[in-house]
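Undergrad: Okay, sequence plus prediction incoming.
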Protein chains: 2
Amino acid sequence: MAAATEVAPATLALIGTGQVAQALIAQIARLRSCGVPVPLRLVQLANARGVCTRDTPDWHARLAALAALPRGARNDPTPRIADAVELVIDLSASDAVAACHAEWLRQGRIVVTANKCGLGESAARAETLQAHIDAAPWRYGDSATVGAGLGAVRRLRELRACGETVHEIAGVLSGTLAWLFDRYDGRAAFSACVREAHALGLTEPDPRDDVGGADVLRKLRILARAIGWRVPDDGVRIDPRLRCGQGDDPWADIAALDTGIAALFAERPTADARLAVVARARPGDYRIGIEWLPPDDPLAQRGGCDNAILIRSERYAERPLVLRGPGAGPALTAAAVLEDALTAWRAQSRQG
Amino acid sequence: MAAATEVAPATLALIGTGQVAQALIAQIARLRSCGVPVPLRLVQLANARGVCTRDTPDWHARLAALAALPRGARNDPTPRIADAVELVIDLSASDAVAACHAEWLRQGRIVVTANKCGLGESAARAETLQAHIDAAPWRYGDSATVGAGLGAVRRLRELRACGETVHEIAGVLSGTLAWLFDRYDGRAAFSACVREAHALGLTEPDPRDDVGGADVLRKLRILARAIGWRVPDDGVRIDPRLRCGQGDDPWADIAALDTGIAALFAERPTADARLAVVARARPGDYRIGIEWLPPDDPLAQRGGCDNAILIRSERYAERPLVLRGPGAGPALTAAAVLEDALTAWRAQSRQG
């Protein structure tokens, strides 16, 4: 754990060349410049447009070159991982790449991922992955997939490993939606808030990816599955007021939500209640809804784009456990990924 | 992690026969009755008055018999641990027992503890312990020493292991003090609140142990040392308004604080500010003070006897990471201890 007992480096394949990858490489460089050993040796770098497999001290240039390849040059959505690779870091958002996680684990590699499509999509894929995680839990690092590394996924797995009975997991899991519903005051149209968030760079390029709940849906599945609950495909109810069309004009689809969301104010319980999109999981009951929260609700006590996750269990029956903090951004995501990678590699090295 | 890959049982010595020990044994029994394997085999049970070393299925009766020994029969404050013991659980509050932790680690045993005197007392003892923890981090489990298992100590060690620069740790670390300063409204004397808490069983038998800050002092040292800061002996400034005499009459010593605490209301910044005893650690600057917190401060947003711990770091610069939840009680402490014991034993078994 401490620098004194540092381990031999892991050979690393990095998939994805976007903002998180750039932040990760910058963090590793900064740590090394401070004398902190980072036992990772890049041997492969890839995105959907290309791959380079030689080791290089010059990550930045390679990354920039790969990132600059034209989008149209999509020739290899799931690059073949070099035999020497011990640790794969998946920073893509690709379903095809996530479909490879289980195979990489089967080959004895460590997989660290910010890609929510591994445990956040179909039940069948999640179960296959879970079998690998049960056999060697340290070899799958996915802290970055929910709450940008607040530690909720790991905490739930720890509780599960100790036989704790969890009654409910609830969370404000999207920093973008948190910001949007904080901002929305029922006067201007909701879609105007979305336009504002979009201009500030707080949404995905297509804001329907945030507003429609697809991102929260994956996070909810990941949390519920971490505690051992089976979430069937199509087993999560999403508030119809969030259901976006998928037409040619994203803004028209967003504007179509305005009336339904405006009607929320008719349900406002008190003047100081706060609106939030809350994901709630109980065994067999999974839902994402727009809720009015009283101001003393832990999920209402946030700021900015903070995430908040609440766990009620046998141990935390009377008062819940609450994890709260910034839940978005390339730097935080990269830090969670790096932490998972180092933790996993040290654990693997101890198996020796 | 999952039941499918369960390990062979650890031979266990349990030190302490109080409420936490009873809660721990009840939890193990309940888990087993639910079919959850708990790989622990009790071979030694001890308190300051006695020890029994035969394995027995009847923990309850043995524990009750040891707990019932008259207090005057103190014959062995630091029982000799049987050679076969692989895992020692220290649920005492004994400084003499904590002084043995390093030796037990040196002998290759796992030590799991709710006893704050290990890393919470002298710098010299903490440094010796830390050297063992650096060499084999999984072999010292002390989640229960701060926040009854909210995970703050572990989170700080994880951040340290990844080279994260922490700027500040702040916390409401005593459920008792949290309750007391929530209750106190400047009208009745502070000592009247303490009497009320005492009657409700919320304080130590001698309430000066809570009010004087000794418990918070140890917790602050443990958190600061977890991130790698050296806290010198006498290196923590404690608010003089909390400094209790140690005379023959505890209630007279408590009542002597009334005037100083009443004067706090002259500093009240706003009507909705909340009083709390806050421990703050920055590198080289460690203090425990009574503070007026604005209502939107994460440390003010608690209920009941909740603990709240806030971490500001490079990663959590703009918005802090906040851990919050119930921070006291035998059941919670026992659950944290059991979790540490199982996690440590599984990690040790993987080294195999």
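TA: Great, that's in hand.
Undergrad: What ranges does the stretch 1-150 of chain A have for its strands?
TA: A:10-15, A:40-47, A:50-52, A:87-90, A:110-113, A:140-141 (DSSP state E, counting those that start in this stretch).
Undergrad: buried set for the first one?
TA: With burial defined by 16 or more other CB atoms under 10 Å in any protein chain shown, the residues of strand A:10-15 counted as buried are A:10, A:11, A:12, A:13, A:14, A:15. In short, each C-beta sits where N, CA and C put it, glycine included.
Undergrad: and which of those residues is nearest residue A:246?
TA: residue A:15 (27.1 Å; CB to CB).
Undergrad: Surely the closest one touches residue A:93?
TA: No - the pair residue A:15 and residue A:93 does not pass the contact test of CB atoms under 8 Å, sitting 10.7 Å apart.
Undergrad: Quick one: the strands in the stretch 201-350 of chain A, in order.
TA: Using DSSP E, counting those that start in this stretch, strands in the stretch 201-350 of chain A cover A:236-238, A:274-282, A:285-293, A:306-313, A:321-326.
Undergrad: Which strands and helices lie in contact with the first one?
TA: So the one you mean is strand A:236-238. Judged by 3 or more CB pairs under 8 Å, 6 or more residues apart in numbering or on different chains; DSSP states H and E, strand A:236-238 is in contact with helix A:214-226, strand A:285-293.
Undergrad: Next: the last one.
TA: In terms of contact count using 3+ CB pairs under 8 Å, 6+ apart, strand A:321-326 is assigned the packing partners helix A:152-161, strand A:306-313, strand B:321-326.
Undergrad: how about a cut-off of 7 Å?
TA: strand A:306-313, strand B:321-326 (3 or more CB pairs under 7 Å, 6 or more residues apart in numbering or on different chains; DSSP states H and E).
Undergrad: go on, the fourth one?
TA: Contact analysis of strand A:306-313 by 3+ CB pairs under 7 Å, 6+ apart lists strand A:166-172, strand A:321-326 as its packing neighbours.
Undergrad: Let me know which of these is tucked in deepest.
TA: strand A:321-326 (a mean of 26; mean count of other CB atoms under 10 Å in any protein chain shown).
Undergrad: Nearest to chain B, out of the strands of the stretch 1-150 of chain A?
TA: For the strands of the stretch 1-150 of chain A, the distance to chain B is smallest for strand A:140-141, at 10.6 Å, taking CB to the nearest CB.
Undergrad: which stretch in the strands of the stretch 1-150 of chain A is the model least sure about?
TA: For those, mean pLDDT drops lowest on strand A:50-52, to a mean of 85.
Undergrad: Can you tell me what sits against it?
TA: Residues from elsewhere that reach strand A:50-52, judged by CB atoms under 7 Å, 6 or more residues apart in numbering or on different chains: A:44, A:45, A:62, A:66, A:69, A:76, A:79.
Undergrad: try 6 Å
TA: Here strand A:50-52 makes contact (CB atoms under 6 Å, 6 or more residues apart in numbering or on different chains) with A:45, A:62, A:66, A:69, A:79.
Undergrad: filter those to the buried ones?
TA: A:45, A:62, A:66, A:79.
Undergrad: out of these, which are inside helices?
TA: A:62, A:66 (DSSP state H).
Undergrad: Let's have the buried ones among the contacts of strand A:50-52 in JSON lines, adding distance to residue B:112.
TA: Listed next are these as JSON lines, based on distance: CB to CB, whole Å:
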{"residue": "A:45", "distance to residue B:112": "42"}
{"residue": "A:62", "distance to residue B:112": "46"}
{"residue": "A:66", "distance to residue B:112": "47"}
{"residue": "A:79", "distance to residue B:112": "44"}
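Undergrad: Including distance to chain B, could the buried ones among the contacts of strand A:50-52 go into JSON lines?
TA: Below are the buried ones among the contacts of strand A:50-52 laid out as JSON lines (distance: CB to the nearest CB, whole Å):
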{"residue": "A:45", "distance to chain B": "22"}
{"residue": "A:62", "distance to chain B": "23"}
{"residue": "A:66", "distance to chain B": "26"}
{"residue": "A:79", "distance to chain B": "27"}
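Undergrad: Around chain B, which positions in the stretch 151-300 of chain A sit nearby?
TA: Contact residues, the stretch 151-300 of chain A versus chain B (CB under 6 Å from any CB of the partner chain): A:161, A:162, A:163.
Undergrad: how about the residues you listed in a markdown table, adding pLDDT and neighbour count?
TA: Listed next are these as a markdown table, based on pLDDT from 0 to 100; neighbours: other CB atoms under 10 Å in any protein chain shown:
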| residue | pLDDT | neighbour count |
| --- | --- | --- |
| A:161 | 91 | 19 |
| A:162 | 91 | 21 |
| A:163 | 92 | 22 |
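Undergrad: returning to what we had before: tell me, which of the buried residues of strand A:10-15 make contact with chain B?
TA: For chain B, no contacts are drawn from those by CB under 6 Å from any CB.
Undergrad: Show me the two of these that sit farthest apart.
TA: Longest span within those, CB to CB: A:10 and A:15, 15.1 Å.
Undergrad: Need the contact partners of stretch A:201-209.
TA: Residues outside stretch A:201-209 that contact it (CB under 6 Å, 6+ apart): A:176, A:179, A:194, A:197, A:198, A:210, A:244, A:250, A:253.
Undergrad: What are the buried residues along it?
TA: Along stretch A:201-209, these residues count as buried under the neighbour rule (16+ other CB under 10 Å): A:202, A:203, A:207, A:208, A:209.
Undergrad: tell me which of those residues is nearest to residue A:122?
TA: Distance to residue A:122, by CB to CB, is smallest for residue A:209 among these, at 18.6 Å.
Undergrad: Tell me the spacing between the closest one and residue A:218.
TA: From residue A:209 over to residue A:218 the distance is 11 Å, taken as CB to CB, to the nearest Å.
Undergrad: rewinding a little: save the helices and strands packed on strand A:306-313 as JSON lines, and put in mean pLDDT too.
TA: JSON lines is the format used below for those (pLDDT from 0 to 100):
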{"stretch": "strand A:166-172", "mean pLDDT": "98"}
{"stretch": "strand A:321-326", "mean pLDDT": "95"}
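Undergrad: can you put the ones you listed in a markdown table and add distance to residue B:37?
TA: What follows is the helices and strands packed on strand A:306-313, written out as a markdown table (distance: least, CB to CB, whole Å):
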| stretch | distance to residue B:37 |
| --- | --- |
| strand A:166-172 | 19 |
| strand A:321-326 | 25 |
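Undergrad: Minimum distance to residue A:232: which of these has it?
TA: Closest among the helices and strands packed on strand A:306-313, once you apply CB to CB, is strand A:166-172, at 16.9 Å.
Undergrad: strand partners of the closest one, parallel vs antiparallel please.
TA: strand A:274-282 (antiparallel), strand A:306-313 (antiparallel) (DSSP bridges).
Undergrad: Contact partners for the residue in the stretch 151-300 of chain A that chain B sits nearest to?
TA: Closest residue of the stretch 151-300 of chain A to chain B, CB to the nearest CB: residue A:163 (3.7 Å). Neighbouring residues of residue A:163 by CB under 6 Å, 6+ apart: B:31, B:36.
Undergrad: now swap in residue A:168 and tell me
TA: A:282, A:312 are the contacts of residue A:168 under CB under 6 Å, 6+ apart.
Undergrad: Which strand residues bridge it?
TA: Bridge pairing for residue A:168 - DSSP bridges - gives residue A:312.
Undergrad: what stretches of chain A score poorly on pLDDT?
TA: A:1-5, A:55-57, A:72-76, A:352 (pLDDT under 70).
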